[in-house]
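[1] Just to be clear, the model below is a prediction. Sequence and coordinates:
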Amino acid sequence: MIQSRPFLSNPKFGLTRTFHYDDATNQFHIQTQFEVEKNLIQARFNLYDERTRWDDVSHVAHIPGPIYYQLKAQGILDDDKRFKAWLNSRDNNVFRTRPGII
């Protein structure tokens, strides 16, 4: 029988951690869930006009911590070409704060 108990919740950051214990195997794991604030990011996205000029320090994305560390572990953040491709991917539009191609 698997027993589950939430042991950490931070609504401000959308973070929830749950402890799961399996009696049969005497093993446990911790599940981390992170809710991306789609509405907040979409609101930032809508603030930009597509004709707004790019500059050297344009804010183009908001990447939550857990996803940032996942990208870092995969080496994507350390490779400009791969990171730009990741940001331009339709699958990751939810993290974009402005339109256009990077």
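    Cool, got the structure.
[2] For the rest of this, base every contact and every neighbour count on C-alpha atoms.
    Will do.
[3] Who is T18 paired with across the strands?
    P6, Q31 (DSSP bridges).
[4] quick one, what contacts it?
    4-8, 30-32 (CA atoms under 8 Å, 6 or more residues apart in numbering).
[5] Format those residues as TSV; extra columns: pLDDT.
    Output for these, formatted as TSV (pLDDT from 0 to 100):
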residue	pLDDT
S4	90
R5	90
P6	88
F7	85
L8	84
I30	90
Q31	90
T32	85
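[6] and which of those residues is nearest to A73?
    T32 (16.8 Å; CA to CA).
[7] what's around the closest one, how many residues?
    Neighbours of T32 under the rule other CA atoms under 10 Å: 14.
[8] now the strands for the protein?
    Secondary structure of the chain (DSSP state E): strands located at 2-10, 15-22, 27-34.
[9] Break the chain down into its structural domains.
    1-35, 37-102 (automatic domain parsing).
[10] Least reliable of these by average pLDDT, please.
    Across the domains of the chain, domain 37-102 has the smallest mean pLDDT, namely a mean of 79.
[11] can you name the farthest residue from the center of this protein?
    In terms of distance from the mean C-alpha position of the chain, A24 ranks first, at 33.9 Å (CA atoms, centre = their mean).
[12] Surely that residue and M1 touch.
    Yes - at 6.4 Å, A24 counts as touching M1 under the criterion of CA atoms under 8 Å.
[13] In JSON lines, list the strands of the chain along with distance to V60.
    Formatted as JSON lines, the strands of the chain follow (distance: least, CA to CA, whole Å):
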{"stretch": "strand 2-10", "distance to V60": "26"}
{"stretch": "strand 15-22", "distance to V60": "23"}
{"stretch": "strand 27-34", "distance to V60": "21"}
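[14] For the residue lying closest to Q27 once chain neighbours are set aside, list the residues it contacts.
    Nearest in space to Q27, with sequence neighbours left out and distances taken as CA to CA, 6 or more residues apart in numbering, is Y21 at 5.9 Å. By CA under 8 Å, 6+ apart, the contact list for Y21 reads 2-4, 27-29.
[15] Also H29?
    H29 sits in contact with 19-21, where contact means CA under 8 Å, 6+ apart.
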